[in-house]
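Trainee: Need the 3D shape of this:
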Amino acid sequence: MKDGVNGVALGVFIFFFLAVTVMGFLASRWRKADNENTLDEWGLGGRSFGTWVTWFLLGGDLYTAYTFVAVPAAIYAAGAAGFFAVPYTILVYPLIFTFLPRLWSVSHKHGYVTTSDFVRGRFGSKGLSLAVAFTGLLATMPYIALQLVGIQAVLDVMGVGGGENTNWFIKDLPLLIAFGVLAAYTYSSGLRAPALIAFVKDTLIYLVIAVAIIYIPIKLGGFDAIFSAAGEKFSQINPATDKPVGALVPGEMGHWGYATLALGSALALFMYPHSITATLSSRSREVIRRNTTILPLYSLMLGMLALLGFMAIAAGVKVANGQLAIPQLFENMFPDWFAGVAFAAIGIGALVPAAIMSIAAANLFTRNIYKDFLKPDATPEQETKVSKLVSLLVKVGALVFVLTMDKTVAINFQLLGGIWILQTFPALVGGLFTRWFHRWALIAGWAVGMLYGTVAAYGVASPTQKHFGGSSAEIPGIGEIGYIGLTAFVLNVVVTVVLTFVLKAAKAPDGVDETSPSDYTADAGDPGVTVELPPATAGAPGGH
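Mentor: Numbering: from 1, shown residues only. Sure, this is the predicted structure:
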């Protein structure tokens, strides 16, 4: 690590940061609506984005600072097991092709802003809607925090903020400034801000990856030398576990863990509120279908990005916190000016998803807690005001997480969020295709999955943590080590199916389904397709 502040890199970083800040505030004038004080406008960009805007927005939403920092950091620390992110992004696109257009159609027809809106309308249950909203909020918080960790990692490598012994306020001041700017333009411009900034973010990321995948291997002697250095490192024995520190290729013992983590993560990815928010902002179901066919381009980028973990090993990068490995690699290998470009790509790669996540979490709170339970007669203007305020509070919570907790465990808390959000899959995706599941059974299945997943994750230890040290544990009845979230999901589905049979046999009352079969295939230009307020917001009955 270079001593002091890298002035050239910092100057380039500040240039791009200021540029996207200006774009963030100017975004409020982009496609400006007659009435901006609605969640459709502030929280969904007017549901007006076309194919390319949606592609950049979804890419900016899904491929985050976690992608740029934590994925290669996992490979740097443990080897090829970190590549699970590549197959899961490949698995997810055929999956979402089947259900996202249906979700867009029914949401457009009924004016749904969140997944909880749909669940309440489909199953007539505010209780189930509340469970989905609570889970979304809970799972999103560590995800936002991880984006701030990405910014902090870049600032640390550039030497900004002082050393560990520096006064905490001075040390964290750059992060506080970045947080303040993010909060301000998100409050002002809503979803339009990250949609506009995503163009810059993705352009920088593709540029940095294209250069890195060619330039760094040339400097290190080629990929043979890179893989050789990585294999040598991973063959070393960890004194704490008396086992190799990692593996260049996962061994047979790791196959179940790798496969279940990839599958479970694929199922969970589009359960996150921010993924759905970006989806519902598009102007037609055809935009969604086209995006599922071109989003895999990001998976190609992700595969190349993951290789940076091996390059960091070959380059002799030594960091106590693995999150710093890739920023440090860039500083060591690139000229200072291009290192600044790379740092800007990571920093903006954190700002875009953090903005979308905070908006999505705020929409969940406003529509499915504030309006459903606290103020049923809230006007669209009141909804928007509350959502703006909550988006600020969500960012503050993430900031507190980053400033008070060990940064090295951020990835594990994000993986815990994946365990939680996966438990909403039966209600959301199941509800898009069938009304057979009983609302009470879905709540019970969700509760079992949440409880099992949390308890199982709590019992996982690591060399640095006594609890929540990972997301894999022994699968009951099989004896193999697998992803806790997928095991919890299976239990969730079993409980839901069994209780549905029982409750239907007992003739337990179903909720009122406000949707019709034609709603799931409707498009924006179809006759009779208008945005309606959900009946629960207009005084219509809704069960618990």
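Trainee: Just the element for Ala473, please.
Mentor: Secondary structure assigned from DSSP states H and E places Ala473 in strand 472-474.
Trainee: who does that strand touch, helix- and strand-wise?
Mentor: Judged by 3 or more Cβ pairs under 8 Å, 6 or more residues apart in numbering; DSSP states H and E, strand 472-474 is in contact with helix 255-269, strand 481-483, helix 484-505. Bear in mind the C-beta positions are built from the backbone N, C-alpha and C, glycine included.
Trainee: Give the pairing partners of it; include direction for each.
Mentor: The strands beside strand 472-474 in its sheet (DSSP bridges) come out as strand 481-483 (antiparallel).
Trainee: List the residues that contact the closest residue to Ser228 other than its chain neighbours.
Mentor: Spatial nearest neighbour of Ser228, chain neighbours left out: Ala314 (8.0 Å); criterion: Cβ to Cβ, 6 or more residues apart in numbering. Contact analysis of Ala314 by Cβ atoms under 8 Å, 6 or more residues apart in numbering lists Leu220, Ala225, Ile226, Ser228, Ala229, Ala230.
Trainee: quick revisit: buried sites along the strand holding Ala473?
Mentor: Neighbour counts over strand 472-474 (16 or more other Cβ atoms under 10 Å) mark Ser472, Ala473 as buried.
Trainee: what's the angle between the longest helix seen in the chain and helix 255-269?
Mentor: Assignment by DSSP state H gives helix 126-157 as the longest helix of the chain. Going by axes from the mean of the first three to the mean of the last three Cα atoms, to 10 degrees, helix 126-157 is angled at 110 degrees with respect to helix 255-269.
Trainee: immediately after helix 126-157, which helix or strand?
Mentor: Following helix 126-157 in sequence order, the next helix or strand is helix 168-189 (DSSP H and E).
Trainee: Which strands or helices does the helix or strand just after that next one pack on?
Mentor: Moving toward the C-terminus from helix 168-189, the next helix or strand (DSSP H and E) is helix 192-220. Helix 192-220 makes packing contacts with helix 7-26, helix 51-62, helix 168-189, helix 223-234, helix 296-306, helix 308-314, helix 325-333, helix 336-365 when contacts are defined by 3+ Cβ pairs under 8 Å, 6+ apart.
Trainee: quick one on the thing from earlier: out of the contacts of Ala314, who's the most crowded?
Mentor: Highest neighbour count within these: Ala230, with 24 neighbours (other Cβ atoms under 10 Å).
Trainee: Report the separation between that one and Leu248.
Mentor: For Ala230, the distance to Leu248 equals 6 Å [Cβ to Cβ, to the nearest Å].
Trainee: follow-up on the earlier one: the contacts of Ala314 into TSV, with extra columns for pLDDT and distance to Asn492?
Mentor: Below are the contacts of Ala314 laid out as TSV (pLDDT from 0 to 100; distance: Cβ to Cβ, whole Å):
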residue	pLDDT	distance to Asn492
Leu220	94	46
Ala225	93	47
Ile226	93	42
Ser228	92	44
Ala229	91	43
Ala230	89	38
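Trainee: Just give me the closest of the residues you listed to Tyr272.
Mentor: Ala230 (31.4 Å; Cβ to Cβ).
Trainee: Test my guess that that closest one contacts Leu308.
Mentor: No - taking contacts as Cβ atoms under 8 Å, Ala230 lies outside contact range of Leu308: 11.5 Å.
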